[in-house]
Structure formats: structure tokens, C-alpha cells
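Visitor: When you get a sec, could you give me coordinates for this:
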Amino acid sequence: MPTMIWGPRPEDARTRQIAFLARMFSGGERGCLVDPVLLRPALGYINLLEPVDGGQNFRFRLYGSCLAEVTDEDLTGRLLTDLRASAHVIDFAVACYRATAIRDVPLMTVRHPAGAKHVIYWERIVVPYRCMRSGEARLLVGNVPVEVAGSRTSQFVTLPGT
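Guide: All right, here's what the predicted structure looks like:
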């Protein structure tokens with residue numbers, strides 16, 4: 001069962017990337033926040049998404065490079081439903097993204113994937129924002145895979161004691 005926290009605080013996070021993003025957006029300031037210089041501590045683990053068909057799906061405007069290495073696919077420009085994952089994983093992501101966009105409040109989730117070979121859990125923060133220039137609703141998503149010891153890629157995050 002995934003854990004979900006609305007309005008997460010930095011101390012709710014287990015990974016430094018998600019703690020950084022929670023700290024950055026805990027004050028409610030969520031203008032057009034795609035400045036890579038400001039987001040540097042979490043770069044590679046960030047996706048930028050826009051809703052498609054009223055939030056029935058989401059398009060990746062940017063798919064993090066570390067995530068592309070972990071998943072063996074780059075979804076930049078593609079739809080969330082193009083992700084090679086189970087229907088349960090995609091449905092959960094769509095529901096989280098849609099709910100975050102509607103509530104206009106950041107959401108943190110921790111999901112333990114069933115049967116995963118390399119990942120203990122995925123920690124994610126979803127931050128809704130409106131681009132100041134266009135006014136369009138968007139989502140900034142930090143998504144960090146936490147590894148099982150001896151994993152195949154350097155892009156996993158290993159926590160002490162795992």
C-alpha cells in the first residue's frame with residue numbers, strides 16, 4: 001500500500017532530492033519554476049508534465065535523465081500511458097497527478113513496487129504550478145528510485161541501512 005502525504009514537509013522525505021523539493025516548495029511559491037539552476041540538487045530525477053484531455057492523461061515535457069537510465073526509456077514528449085509499466089502503476093500515477101492538479105497542493109508518495117528486482121521503493125513529490133508566461137497548468141514531479149544493494153545502475157539512490 002503506498003503512503004501519501006498532502007503538503008509534505010522536508011522532514012517527511014527519505015531522500016535528499018525529495019527533501020530539497022519539499023523545502024523549495026513548502027512556502028507555497030509555485031510560479032514558473034523550471035529554472036534548472038534553482039533545481040540543480042534534484043536534476044535528473046525531475047519530470048515536467050502537462051495534462052492532456054482534461055487530466056485523463058499527462059504528457060512528459062521533460063523526463064529526467066537519471067529516470068531514463070533506470071527505466072531504460074526516455075518519455076520526453078510522450079504520454080504517461082506510454083510508460084512500460086503495469087496498468088496499476090499508470091492508474092496510480094494518473095490519479096495522483098489529477099488529484100494534485102485539482103487540489104493545487106503538493107503531494108508526496110512512497111510506493112513499494114511488487115516484484116521489483118532493483119528498487120525497494122519510489123519516493124515522489126508532485127508539485128502543481130501555473131506557468132507565469134502562458135498560464136497553463138503543469139506538474140513538476142520529483143521521482144527517486146531507492147535501490148536494493150548491488151543494483152545495475154548508478155542512478156539509484158542508496159540510503160544508509162538499505
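
Visitor: Quick check: bridge partners of residue 121?
Guide: residue 146 (DSSP bridges).

Visitor: what's the answer for residue 138, then?
Guide: Under the criterion used here (DSSP bridges), residue 138 is bridged to residue 129.

Visitor: So it sits against residue 48, correct?
Guide: Yes. Contact status for residue 138 versus residue 48: in contact at 6.3 Å, counting by C-beta atoms under 8 Å. Just so you know, the C-beta spots here come from the backbone N, C-alpha and C atoms, and that holds for glycine as well.

Visitor: Now residue 105: phi and psi?
Guide: With angles defined as degrees, to the nearest 10, residue 105 sits at phi -140, psi 140.

Visitor: show me where pLDDT drops low in this structure?
Guide: 27-34, 116-117, 131-135, 148-162 (pLDDT under 70).

Visitor: Which strands and helices lie in contact with the lengthiest helix in the chain?
Guide: For the chain, the helix that runs over the most residues, judged by DSSP state H, is helix 87-103. Packing partners of helix 87-103 (3 or more C-beta pairs under 8 Å, 6 or more residues apart in numbering; DSSP states H and E): strand 46-52, strand 57-62, strand 107-111, strand 119-130, strand 137-147.

Visitor: Which among the ones you listed is found nearest to residue 79?
Guide: Closest approach to residue 79 among the helices and strands packed on helix 87-103 (C-beta to C-beta): strand 57-62, 5.2 Å.

Visitor: tilt between the closest one and strand 137-147?
Guide: When axes from the mean of the first three to the mean of the last three C-alpha atoms, to 10 degrees is applied, the directions of strand 57-62 and strand 137-147 differ by 70 degrees.

Visitor: mind listing what's buried in the following helix or strand past strand 57-62?
Guide: Of the helices and strands lying after strand 57-62 in sequence (DSSP states H and E), the nearest is helix 65-71. By 16 or more other C-beta atoms under 10 Å, the buried positions in helix 65-71 come out as 66-71.
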